[in-house]
Structure formats: structure tokens, C-alpha cells
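**Student:** sequence first, then the predicted structure:
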Amino acid sequence: MKQIKNARGRKKERRVVYKAEEKRAYLFLTMPAVIVYWAVVAFPVVFAVGMSLSDYSGGSILGGSASFVGFRHYLRMFNDEFFWISLKNNIYIVLISVFGQIPLGFIFAYALYRKLVVARDFFQTMIYMPVVISPIVIGILWAFIMSPYGLITEIMQRISPGWENTILINPTNAVLAVLFVILWMYTGTYLLIFLANLQKIDPYLLEAAKIDGANEKQILGRIILPSLSGVIVTTIILAIFGSLQSFTLIFAMTRGAPARRTSVLALYMYDTAFRPPIDYPMANAVSIVLVIMSLILIVLTKAVEKRFGGREE
Amino acid sequence: MKKERKRREDATVYMLRKEAGIPTRILFYAVLIGFTVLTLYPLVWLVINSFKTTAEFYMNPLGFPRRFYLDNYPLAWRLGNFGILAVNSVIYTVVSTVAIIFLAQAAGFAFAKIKCRATPILYGAFILGLLLTVQSLIVPLFLMSFSTGLYNTRLGVIIPYVALGLPIPIYLCTEYIKGIPDSLVESARMDGAGYLRILINVIMPMTKPVAATAAILTVLAVWNEFVLVFILTGHDSLRSLPVGIFRFSGELASDYGKQFAALVVGMIPIVLFYLVFRNQITRGVAAGAIKG
């Protein structure tokens, strides 16, 4: 009896030791990644909230002489016309994605998936290629192509002599040029996403529909599109994220010119922080607005996932 | 099973293909070829013009060069300090990628195989990071880097690269390791192996495929990264190729020949990398992008 008790005790003891070791191992394995990540991502957010509510104006950041001023910087931001111009351009980018990149990406993916064309690998490789090239290179290249000495001027003047190139100069429609390059560059991403998801549709389903006499249009409308509904919603959300992230391409292509008419929110924040007059508190306010937009979108994504029954891959 | 599925898929698609009319197919060809030409032509135009002198470019911006002028490349390389920039690009890419993949495998192992109440919060934070916009943090990061003394150091660039590069590899590794049977880990525990040993001897060899995909995606992202290194450093000796190319375009804007050569230098390595690893990139993008 006693022996059994002892054995049990030892077993329990061992389990405790085991548990403790498990815990140590868990910390040891996760902490390096977690600490680096939180230091670089979470801490700046907290920091930016603090600074956006203060009157900091240079000098030592920690323990400096900044004091709390409430939401003054946010109000200034909302009263700045360039904030709204930038936001409008962000919305245009979403629209070009939703009505340009996503339908095109789907059409391309559909053609490749249904093997309506030959050399599918080639097409897929080429259409995705701009995505992997540095946006700096792409931005500068297109600025050249669209400049008064560039490719487009040359081609247009052969077609109609005397044509004047104002693509990147005209403040009202310079943004169209930027939108075109964004369409050109990122359509491949949507092609890949749609193709990967089309390939997950059960081929037996299509076969059964075929046997029942469904035609191409019915298959597209009754099987393929419904089974992609979750993916389509996800791509739209991705497009909004993409819009919030757009910075480097525009920075290289126009830097917001002419007259900051091609700015986007991230560029607006950059200009607020680094272009004289330097205004760190308001730049941090812009940063917080961007973070809040991202968080709202993340919540929205979760809701979509639930609505469409689990994750669409 | 897979083969059978593939065969039937092919058969189905064949049936459908026979049905798709000629006009439909011509339409698809037109759209696809049109877009591909639109993609390729600017890139080809760029490469061709990098072999012209600036004077020839002004006279003949569309055609082939009459004589291939190669000097743009060495001149641009020297003027743009591309030697040191390329070295920096390689350092940032290699160090960040190795660190990210190692940390992701370690954390993924713990998230997937060790039960802990903190996992939903810690892992969830990384998943959140999949979609958080890095661009929204550049100003606070710049100010923090200044106040911690990391401004203008390599470490000050690599730390944010590692942190911001972690979410996708952690996600990929964790989900992959979840698929490894618990019994493998348990039997190694019975044999008295510690967790670090299991990580190195069991988990790492088994996660090679996913680690490779994650590494390839990380290389792409870090190699092309611009804004962080642009903001967090102030000197060429610490900057990478994209920053050098950007600065070059401002300083020598009208010297087109060298300008184009610089852009080609920025483009070629990553295009080759893409062509070699495109299958993994394709799979990785599809798996990682859709996550929310």
C-alpha cells in the first residue's frame, strides 16, 4: 500500500517536473520572437498614441518636456485638405483594385484553370513578375516612361504629331497614371490567389455537373462563383489593406507631385514627419489613424471568415 | 489517390475545353497576350535602352541601339556606390532571413506542440501582424530608433526587418508543425531529449519544405524593402540597393543611359531569383496572402 502511494507520489512529482520543464521550454522557444515582435510593433503603437496627444517638438523623447494637449493634432489633421486628398487617393486605389485588378485577376485565373489557353505557365509567370520587382525600380521606370521625354510621348507623337504630354503634370488627373501603374503591377497577386482557390474546387463536382448537362455558363455561375464567394470578399479586404500599404511605388514615381495631388495616407504621414515644417505629433496622429483602420479591417476579416464558414484558402 | 484525382480533373477539363467556343478562346488569348505584352514591353524597353548613350536615347528612344554601349554599367556602378549597397543588401537579406526562419521554427514548435494558455494571445498577435500595415509605423519607429541609439546602425535595420518579417513564417511553420504527429515529439521526450534537441533533430528536418517557402518569401520582401532602411539610416555605407537606386534617380535624373543601367541592376537579381523559385513563390503567396 505504502509502496503504491510512494510510486504515485513519484509519478506526480515527475509530472510536476515535466510541466515545469515544458513551461521553461515554451518560454525559451517563443520569447525571442515575441520580444522582438512586440518591441517593434506593439511598443511604437503605444508610443505613437502618446506622442500624438502631446506637444512634443524635438529633443529627448523619453522624459522630455512634452505635455498633454488632447486631440488637437487630430483636429488639425482632419482640417488639413491634404489629409482628405490623400484619403481620396487611397479610396481610388481600392476602387481600381476592386473593379480592375480583381476582375482581371479572376479572368486570367479562370482562363488558366480551365486550360482555355496554351503556355499557361508562361502567362502566369509573366503576369506575376512585376510584383516581385522592387517598387522603387517600377516607380522610377514608369515615371520615365510617362515623362515628357519618355516612351509614351514618343509613341503618341508618332500617332498624332504635336501631342503634348501632361500625364504626370496635370494636377487633376496625375493620379490616374499612378492608378494605372498600380493596376499593372499588382494584378498578378489576385491571379495567384484566384488560381490557387480554383484548383481547390472538387473536380468531381464539375464532372457531375457536366454529366447532368450543365453548360459552361451554368458551371461558372452555379458552381465556380458561389464556391469562390468567400475568396472574393477576402480579396476585396486585401485590396483595402494593399491601399493602406501603398507608399514606396508612389514615393518613387511622383513623391506625391504635382502639388501633393497623388499623395496617399502613408505618404501624407511621411511628409508631415520629414518635410519642413517637421510635425512629429501630427505624423503620429496619422499613424494612429492608419493603425485603427487596419484594426477595423482585421475585425471585419474575422467576421467574414465566420460568415463564410471557416477560412477560405 | 492524388493521381486519380488529377487524371479525372484533366479529363473533365478536356471535355470542357472541347466545348469552349473559338470566339471565347480568342477573347481569352487577346486579354492574356495584351496584358503580358504590357508587362514585358516596359521591362524589355528598359534593358534595351540601358545599352544606349544618353545622346542616342534622345535621338532614338524606341529602337535597338546602333551599337551596344556597355559603359553605362561600370559607370553607374561606380557613381552610385553600388558595390557597398549590394553588399549591404546581401547582409540584410541573409541575416534577417536566417534569423526569421530560426525564430519562426522555434516559436512555431512551441505554439503547435506545447500546450499553454498564452498561445492564443501570443500566436494571435502574430496573425494580427499578417495584415497590420508596416507603413503606418515608420514615424514612431524612426523616433524610437533615434532615442535608443540604433539609428544609423546595421542592427537598427535588422531588428525591425526580423520583427516585421516574422508573421508569415510563424504562421506557415506553426500550421505545418501542427500536422506532425505528437507521438514523434513524445517518443523523443521519452528518450530523454530536451526541447531544443527535439527542435534541431526532429522538427527542423521535418519542416524543411515549409521553411524553404518561408525563406524564399522573406528574401523577396527584405531584398525589395525600401522605406525602413531609407528612414533608419543616413549613410550609403549602411544602405541597400533600392535606396541607392532611388537616390541615383534624383541626382542623375537626366543622364538616362546610366539611369537605365542602375534600374536594370536593381531588377535583374530578383527576376532571376523569381524565375528559379517561382513555383514556391506561387504556392507561398497563395497560402500566405489569403490569411486574415
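**Tutor:** Nice, thanks for sending it over.
**Student:** buried stuff in stretch B:266-283?
**Tutor:** Buried residues in stretch B:266-283, counted by 16 or more other C-beta atoms under 10 Å in any protein chain shown: B:266-267, B:270, B:273-274, B:277-278, B:280-283. The way it works is simple: take the backbone N, C-alpha and C, and place the C-beta from them, glycine included.
**Student:** kindly report the same for stretch A:152-172.
**Tutor:** Neighbour counts over stretch A:152-172 (16+ other C-beta under 10 Å) mark A:152-153, A:165, A:167-168 as buried.
**Student:** now the terminal residues of that stretch, how far apart.
**Tutor:** One end of stretch A:152-172 sits 19 Å from the other (C-alpha to C-alpha, to the nearest Å).
**Student:** mean confidence score for that stretch?
**Tutor:** Average pLDDT, stretch A:152-172: 87.
**Student:** who touches it?
**Tutor:** A:143, A:145-148, A:150, A:173-174, A:177, A:254, A:257-259, A:261, B:61-62 (C-beta atoms under 8 Å, 6 or more residues apart in numbering or on different chains).
**Student:** which of the buried residues of stretch A:152-172 sits closest to chain B?
**Tutor:** The shortest approach to chain B among the buried residues of stretch A:152-172 belongs to A:Thr153, at 8.6 Å (C-beta to the nearest C-beta).
**Student:** which ones are touching B:Gln135?
**Tutor:** Counting by C-beta under 8 Å, 6+ apart, B:Gln135 touches A:244-245, A:247, A:266, A:269, A:290, B:227.
**Student:** please list the members of these that lie in helices.
**Tutor:** Among the contacts of B:Gln135, the members found in helices (DSSP state H) are A:244-245, A:266, A:269, A:290, B:227.
**Student:** which among those residues end up buried?
**Tutor:** Neighbour counting with 16+ other C-beta under 10 Å marks A:244-245, A:266, A:269, A:290, B:227 as buried within the ones in helices among the contacts of B:Gln135.
**Student:** any chance of those in JSON lines, with distance to B:Ala214 and pLDDT too?
**Tutor:** JSON lines is the format used below for these (distance: C-beta to C-beta, whole Å; pLDDT from 0 to 100):
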{"residue": "A:Leu244", "distance to B:Ala214": "24", "pLDDT": "88"}
{"residue": "A:Gln245", "distance to B:Ala214": "20", "pLDDT": "86"}
{"residue": "A:Ala266", "distance to B:Ala214": "26", "pLDDT": "94"}
{"residue": "A:Met269", "distance to B:Ala214": "30", "pLDDT": "94"}
{"residue": "A:Leu290", "distance to B:Ala214": "26", "pLDDT": "92"}
{"residue": "B:Val227", "distance to B:Ala214": "22", "pLDDT": "93"}
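**Student:** so where is the stretch 151-292 of chain B shaky, pLDDT-wise?
**Tutor:** B:252-253, B:288-292 (pLDDT under 70).
**Student:** domain ranges for chain B?
**Tutor:** Segmentation of chain B into domains, based on automatic domain parsing, reads B:2-49, B:74-289.
**Student:** which stretch among those domains comes nearest A:Leu116?
**Tutor:** When these are compared by C-beta to C-beta, domain B:2-49 sits nearest A:Leu116, at 4.8 Å.
**Student:** average pLDDT for the closest one?
**Tutor:** pLDDT averaged over domain B:2-49 gives 78.
**Student:** what do you get for stretch A:222-232?
**Tutor:** Rounded mean pLDDT across stretch A:222-232 is 87.
**Student:** from the buried residues of stretch B:266-283, pick the one nearest A:Trp184.
**Tutor:** Ranked by distance to A:Trp184 (C-beta to C-beta), the buried residues of stretch B:266-283 are led by B:Met267 at 15.0 Å.
**Student:** how about the helix or strand where that closest one lies, does it get close to chain A?
**Tutor:** B:Met267 belongs to helix B:256-289 when assigned by DSSP states H and E. Yes: using C-beta under 8 Å from any C-beta of the partner chain, helix B:256-289 reaches chain A at B:256, B:259-260, B:263, B:266-267, B:270-271, B:273-275, B:278, B:281-283, B:285-287, B:289.
**Student:** give me the contacts around stretch B:149-158.
**Tutor:** B:88, B:91-92, B:95-96, B:99, B:142, B:145, B:148, B:159, B:228-229, B:232-235, B:238.
**Student:** which of the residues you listed are buried, as a ChimeraX select command?
**Tutor:** To isolate the buried members of the contacts of stretch B:149-158 in ChimeraX, using 16+ other C-beta under 10 Å:
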select /B:88,92,95,96,99,142,145,159,228,229,232,233,238
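**Student:** ok, and of the contacts of stretch B:149-158, which contact chain A?
**Tutor:** Among the contacts of stretch B:149-158, the ones lying near chain A by C-beta under 8 Å from any C-beta are B:142, B:159.
**Student:** burial measure for residue 188, as a count.
**Tutor:** All of this is about chain A. By the criterion of other C-beta atoms under 10 Å in any protein chain shown, A:Gly188 has 26 neighbours.
**Student:** was after chain B, sorry
**Tutor:** Quick note: B:Ala188 (other C-beta under 10 Å) scores 17 neighbours.
**Student:** before we move on, back to that, quick check, nearest of the ones in helices among the contacts of B:Gln135 to B:Arg117?
**Tutor:** For those, the minimum distance to B:Arg117 (C-beta to C-beta) is 31.8 Å, reached by A:Leu290.
**Student:** quick check, that closest one in contact with A:Leu267.
**Tutor:** No: counting by C-beta atoms under 8 Å, A:Leu290 does not reach A:Leu267; the two are 11.4 Å apart.
**Student:** just the helices in the stretch 201-313 of chain A please.
**Tutor:** For the stretch 201-313 of chain A, the helices defined by DSSP state H, counting those that start in this stretch cover A:203-211, A:216-218, A:225-227, A:229-245, A:248-253, A:265-274, A:280-307.
**Student:** what comes up buried for the longest one?
**Tutor:** Within helix A:280-307, the residues scored as buried using 16+ other C-beta under 10 Å are A:280-291, A:293-294, A:297-298, A:301, A:304-305.
**Student:** same question for the first one.
**Tutor:** Across helix A:203-211, burial judged by 16+ other C-beta under 10 Å covers A:203, A:206-207, A:209-210.
**Student:** what's the closest of the residues you listed to B:Leu172?
**Tutor:** Using C-beta to C-beta, these come closest to B:Leu172 at A:Pro203, 26.4 Å.
**Student:** can you identify the element that follows the helix or strand where A:Ala109 lies toward the C-terminus?
**Tutor:** Assigned by DSSP H and E, A:Ala109 belongs to helix A:102-113. Next along the chain after helix A:102-113, taking DSSP H and E as the criterion, comes helix A:120-132.
**Student:** give me the distance from that following helix to the chain's centre.
**Tutor:** From the chain centre to the centre of helix A:120-132 is a distance of 20 Å (C-alpha atoms, centre = their mean, to the nearest Å).
**Student:** hmm, who's touching that helix?
**Tutor:** With C-beta under 8 Å, 6+ apart as the test, helix A:120-132 has contacts from A:108, A:112, A:117, A:138, A:184-189, A:191-192, A:195, B:32, B:35-36, B:39-40, B:43, B:220, B:224, B:270-271, B:273-275, B:278, B:281-282.
**Student:** nearest to chain B: which residue in the stretch 101-250 of chain A?
**Tutor:** Residue nearest to chain B within the stretch 101-250 of chain A: A:Ala196 (3.3 Å; C-beta to the nearest C-beta).
**Student:** count the neighbours of that residue for me.
**Tutor:** For A:Ala196, the neighbour count with other C-beta under 10 Å is 20.
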